[in-house]
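Novice: Okay, structure incoming, though there's no sequence with it:
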């Protein structure tokens, strides 16, 4: 996940150029998210099937985007799976007696969805480039 978050930085450091960065990024994302999906298969039923549904939902969005190059699909099909995966792991670790119920799941998904939609909008629809902004405004602080 950390490599995915910093992939643009790493590419710039090594001086790499990719003809189709978005396709490579989505392929690598799907790979590591698939590993997370496998882990979630050991969870209680509601959490497991929620993770399967969220993974499948995002996968549909990625496939539609790759087929059409219409960026709105990445906004309409946000990657809520990863946020749910991380949140559920933290909750279960911090509160082992926590029981996921449908009402709790609804609240959790809503709380996770709001910031995720903002991120998806900025990165994938508005095509904001936070790394470029950071370099322009804090350029002297970076060694590359």
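Specialist: Structure's in. What do you need? The structure displayed is predicted, hence computed values, not measured ones.

Novice: Dihedrals phi and psi, residue 79?
Specialist: Backbone geometry at residue 79, expressed as degrees, to the nearest 10, gives phi -80, psi 70.

Novice: helix or strand for the residue nearest to it when sequence neighbours are not counted, which one?
Specialist: If the residues on either side of it in the chain are set aside, residue 79 comes closest to residue 58, at 4.9 Å by Cβ to Cβ, 6 or more residues apart in numbering. (C-beta placed from N, C-alpha, C; glycine too.) Residue 58 is part of helix 45-68 when elements are defined by DSSP states H and E.

Novice: helix or strand right after that helix?
Specialist: Past helix 45-68, the next helix or strand by DSSP H and E is helix 72-76.

Novice: distance between the very next helix or strand once past that next one and the chain's centre?
Specialist: The helix or strand immediately downstream of helix 72-76 is helix 80-94, counting by DSSP H and E. With Cα atoms, centre = their mean, to the nearest Å as the basis, helix 80-94 stands 12 Å off its chain's centre.
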